[in-house]
Each structure stands twice: as structure tokens, then as C-alpha cells.
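Q: with the input below, show me the fold.
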Amino acid sequence: MPVVYHPLVVKLDRDRLRALVEPHWRRLFNFAFRMTLDRDRAARYVLDIFALAASRPEQIPATDAQVDGWLIGIANKVFEDRLPRQPEISFDVLDEQLRSEATRTDVVRSLTDPQRDFMLWELKQGCMTAIVNCLPPGERAAFVVCHVLKMSDEEAAQSLGITESAYKVRLSRARKKVGDYLAPRCEHVNPHNPCRCPARVGTALHRGFIRPMGAVVSLSRPERPYGRYGAGPDHEDVPVRDLAAIYGGLPEPDPPPDLGERLVEQLARS
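A: Take a look at the predicted model:
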């Protein structure tokens, strides 16, 4: 379907800005967080992405689906310009961060159920995102738009500004690296693997890899988002060996409070 553009306007008013921001900012924040592993940095990037989009009102597509791909494309260009060409962390650094110390189950046993659930949620979220951050930015973007944002091959390639065949090459390389790392380690890939989230919570807290539990309101999640190994509700003992299922089942990261409204206000003042 050809892209149809809105009529040219000099500047978007507040209502137009809200119509641009509200349906898409959470998805953009998800993308930015996976690319940076930093909530504050992701929020700054999202503002810059929307500022660039708002400065090109004549290019805004007519449908939300088309706007989504267009914004992802702008975001990817921002990441290409700003992120280092080589990963800022490596698989070895990640092992040193989380797996260099003996396992500590005492921390999990001392927590209440809400605290335990929150910590395990944060650890899985952070660990899976950190693994993706060990990839070069191009492969990282291909992996995220496929497995986290769940874009089709055609949409993903168009948003990343590359051919579909080039996209598939990047995605294949990314899958192999992530799979090779997780396969012998992660309980979510195979329950017989040695790295288990409850035993790593103490180390992750000590190293500052995950944040302590905040307000209880942060725990507003689906009642049973997935089983013990990430296989889905009512599949407590079924291991998942498919990366698409693991990453596709990750919850969206918690954005800063009122980020959407703050984006609109800051854009309106600019």
C-alpha cells in the first residue's frame, strides 16, 4: 500500500502532537530501551525522535500502522548516529557481572512474594536486554524489531533502511550469537541449565544490575505472564528453547512516570 502523507503544515499544534505521540511513544520507548539498556537514556532518545518527527510534518503517514514504521525508521537513524559501532558491553562482561560470584538463594528466600516477583521480573527483563546489547547496533536493531516489536520482514527492512535480504542476514547473525550464549546457560532456554534467576538475584542487586523494589504500584502486571521457564500460562514445567518465544514474551519496560504527557508538553514548547 503506498504511503499517503498529511497536508503540509508549518508546525504541529498540541492536538496534532498528542495524536502523533500517544499511540506510539510506549513502543518507541520499548525499542530505545532494548537498544540502550538504560531507561533515562531511552527517554531522552524518544524525545529526540519525536522532535525530529514533528519537524517533518509533511512526511507523517496517514495511518497509525504506517506512522509506526516511519517512527521506527527515524529511531534507527538516531541510534546509527549516536550509538558506538561496537557494543558497549560484551558477553564476557555480562558473565563477569552476573555469574562470577557463587549463587545466593538467601536473598530470594528473605523476600516477600511481591518483592520476589518484582526482582525476578526485573532480572529476566534486564538480563535478556543486556544480552541483546552485546550485539553490534545493526544486528541488535534487527533482532529487536523482529522478536520484541514483532514486525514483519518487509516492515522491519523498510524501517531499518536496508534490503530484506540484508535484514535477514543481520537477523540470522544476531539469533546465532544470542542463541549460542543462552543455550548452555539460561534456565529459560533449558531448565537443566545452571544459571537460574532466583540464585542470581543477590548478585544482581549487589552489582547494581537490577533496582530494589519500588512502590507496589510498579507490580501491576498480568496475573501469570508466563510459567517458570517462560513457556506461558499453565505450562509451568515446559521449557522454552525458542528465542522468539522468550523475547516475544518479555514485558514492556516501565517508562518514567507521565512520559507521554511530558513529551507532548516539551514538543509544544519547542
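
Q: Ala156 against Cys146, yeah?
A: Yes. With contacts defined as C-beta atoms under 8 Å, Ala156 counts as touching Cys146 at a distance of 6.0 Å. Every residue, glycine included, has its C-beta placed from N, CA and C.

Q: list the buried residues of stretch 184-195.
A: The neighbour-count criterion (16 or more other C-beta atoms under 10 Å) identifies Arg185, Cys186, Glu187, His188, Val189, Asn193, Cys195 as the buried residues of stretch 184-195.

Q: what's the mean pLDDT across stretch 146-162?
A: If you average the pLDDT over stretch 146-162, you get 97.

Q: cool, stretch 119-136 as well?
A: Stretch 119-136 comes out at a mean pLDDT of 88.

Q: got the buried residues for that stretch?
A: Of the residues in stretch 119-136, those buried under the neighbour-count criterion (16+ other C-beta under 10 Å) are 119-136.

Q: which ones among the residues you listed lie within helices?
A: In helices, defined here by DSSP state H, the members of the buried residues of stretch 119-136 are 119-132.

Q: mind putting these into TSV with distance to Leu250?
A: Rendered in TSV, the data for these read as follows (distance: C-beta to C-beta, whole Å):
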residue	distance to Leu250
Met119	16
Leu120	13
Trp121	10
Glu122	12
Leu123	12
Lys124	7
Gln125	6
Gly126	10
Cys127	10
Met128	6
Thr129	8
Ala130	12
Ile131	11
Val132	10
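
Q: which one of those residues sits closest to Tyr45?
A: Here the nearest of those to Tyr45, counting by C-beta to C-beta, is Thr129; it sits at 14.8 Å.

Q: wait, that closest one sits on Phe33?
A: Yes. With contact defined as C-beta under 8 Å, Thr129 reaches Phe33; the gap is 6.9 Å.

Q: confidence score at the nearest residue to Arg207 once chain neighbours are set aside?
A: Once its chain neighbours are removed from consideration, Arg207 has its nearest residue in Gln97; the separation is 5.5 Å (C-beta to C-beta, 6 or more residues apart in numbering). What the model reports for Gln97 is a pLDDT of 80.

Q: helices and strands around whichever strand or helix holds Gln97, which ones?
A: Under DSSP states H and E, the secondary-structure element containing Gln97 is helix 91-99. Packing contacts for helix 91-99, counted by 3 or more C-beta pairs under 8 Å, 6 or more residues apart in numbering; DSSP states H and E, involve helix 113-132, helix 197-206.
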